[in-house]
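In: here's a sequence, model it:
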Amino acid sequence: MINLRRIDLNLLTIFEVVYEEGNQVKAAERLAMTQPAVSQAIGRLRHLVNDPLFLAKARGLAPTPKAEELYLRVHHILELVRVEFPEKQAFDPATTQRTFVVAVSHGGGVLFTTALSARIQAQAPHARLVIRTIDPIREIPELLKEHRLDIAIHHARFVDAKLEHITYDQNQLVLIARTDHPRIRTSPSTEDLLGEQFVTAYDVFTHNASHELNCTLALIRDRTVLEVPNALLIPQVVRQSDLLAVVTAEMAKSFSQYLPIQAFVLPFAVPALDIHMIWHHSQTQEPEHKWLRQQLLEVRSGWKFTTTRSTRLHQL
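Out: You can find the predicted model right below:
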């Protein structure tokens, strides 16, 4: 058994950050160390484990299989230590000046941005909130890793051991049409929909993990004649045309309060659309980040509502 007193355990914390950043310069900045010092520490750890740990690539470093395995163990151990020995100075929302960055897809931020901003302003008056969209979606893991993004609210689920996912919501999908649509006045049948045309948002469902959902929505895609870049445009298009659209029930409720649109339950079974809250696990125990996640969860519980099957969806 190895004698731990002969090993500098600080090497593990340096290794953890280099792995998460994938770049020694960025790791040095995060650790408040010089880049040569970080490089030297990784060199010592390479000697201890008899593995190169990281290989140079075009942009940064790529971990070896040994580094992947080592990271999972090291990160788990260090997280246990962080939980048992928290910093004495607790996070105080009233004094923080942090900028919180939350990404949402396809206009979804309209549903909670105002409520989230109000909560943050009330509890953290010196903080700043940034709501942004992500396109292309593949950028999300990198932005979370680089801490340029705190949280993503998205239906995509990324196969990445460094990302944490929890189910933020399960959205029922509904059909919307303008209230004076010449044909869609009662709950439509599948045959009714086959004779209609649709508007959709660019790339809105292509990254969904549910194969069943993607298959059932093929009918809609095949009859799409207009694609818009953002879901916020869909209700405006629907109210000024005979086009139909499939959106979340919550979005339909929100827009029906001031636009002449109506919502119907789809005439075929469609699984709920899972929406995930996603963040980089290096921030899991960070007090400010935990506080932000809690604010999002409380906002979500405040505007959630349930729709039921009827000719027209109640509450819309």
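In: quick one, helices of this protein?
Out: Applying DSSP state H to the chain gives helices spanning 10-21, 24-31, 35-49, 65-84, 113-123, 140-145, 190-194, 211-216, 218-222, 234-239, 249-256, 287-303.
In: could I get those as a markdown table with mean neighbour count and mean pLDDT?
Out: (Each C-beta comes from the backbone N, C-alpha and C, glycine too.) A markdown table is the format used below for the helices of the chain (neighbours: other C-beta atoms under 10 Å; pLDDT from 0 to 100):
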| stretch | mean neighbour count | mean pLDDT |
| --- | --- | --- |
| helix 10-21 | 20 | 91 |
| helix 24-31 | 18 | 87 |
| helix 35-49 | 15 | 90 |
| helix 65-84 | 14 | 86 |
| helix 113-123 | 15 | 91 |
| helix 140-145 | 19 | 87 |
| helix 190-194 | 13 | 89 |
| helix 211-216 | 13 | 66 |
| helix 218-222 | 14 | 81 |
| helix 234-239 | 21 | 94 |
| helix 249-256 | 22 | 87 |
| helix 287-303 | 16 | 88 |
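In: among the ones you listed, which is nearest Ala201?
Out: Ranking the helices of the chain by distance to Ala201, with C-beta to C-beta as the measure, places helix 234-239 first at 6.1 Å.
In: and the closest one, what does it pack onto?
Out: On a contact count with 3 or more C-beta pairs under 8 Å, 6 or more residues apart in numbering; DSSP states H and E, helix 234-239 meets strand 173-178, strand 198-201, strand 224-228, strand 245-248, helix 249-256, strand 261-265.
In: same list (those) but as CSV, adding distance to Val101.
Out: Shown next, in CSV, are these (distance: least, C-beta to C-beta, whole Å):
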stretch, distance to Val101
strand 173-178, 28
strand 198-201, 22
strand 224-228, 25
strand 245-248, 23
helix 249-256, 22
strand 261-265, 32
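In: out of these, which is closest to Pro65?
Out: Closest among those, once you apply C-beta to C-beta, is strand 198-201, at 39.4 Å.
In: looking at the helices of the chain, which is nearest to Arg157?
Out: For Arg157, the closest of the helices of the chain is helix 140-145, at 10.8 Å, according to C-beta to C-beta.
In: need the distance between the two termini of stretch 165-182.
Out: 43 Å (C-alpha to C-alpha, to the nearest Å).
In: not counting stretch 289-308 itself, show me its contacts.
Out: By C-beta atoms under 8 Å, 6 or more residues apart in numbering, the surrounding residues in contact with stretch 289-308 are 91, 93, 100, 102, 111-112, 115-116, 119-120, 123, 150-151, 153, 168-169, 172, 174, 249-250, 253, 265, 277, 279, 283-284, 313-316.
In: buried subset of those as a PyMOL selection?
Out: Applied in PyMOL, the following selects the buried portion of these according to 16 or more other C-beta atoms under 10 Å:
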select buried, resi 93+100+102+111+112+115+116+119+120+150+151+153+168+169+172+174+249+250+253+265+277+279+283+313+316
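In: dump the residue contacts of His181.
Out: Neighbour list for His181: Asp242, Gln262 [criterion: C-beta under 8 Å, 6+ apart].
In: ok, now Glu16?
Out: Tyr71, Val74, His75, Leu78, Ser282 are the contacts of Glu16 under C-beta under 8 Å, 6+ apart.
In: ok, now Pro260?
Out: Neighbours of Pro260 in contact, by C-beta under 8 Å, 6+ apart: Arg178, Thr179, Asp180, Arg239.
In: now, of those, which are buried?
Out: The neighbour count (16+ other C-beta under 10 Å) marks Arg178, Arg239 as buried among the contacts of Pro260.
In: make a markdown table out of the contacts of Pro260 and add distance to Arg59.
Out: A markdown table is the format used below for the contacts of Pro260 (distance: C-beta to C-beta, whole Å):
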| residue | distance to Arg59 |
| --- | --- |
| Arg178 | 48 |
| Thr179 | 52 |
| Asp180 | 54 |
| Arg239 | 45 |
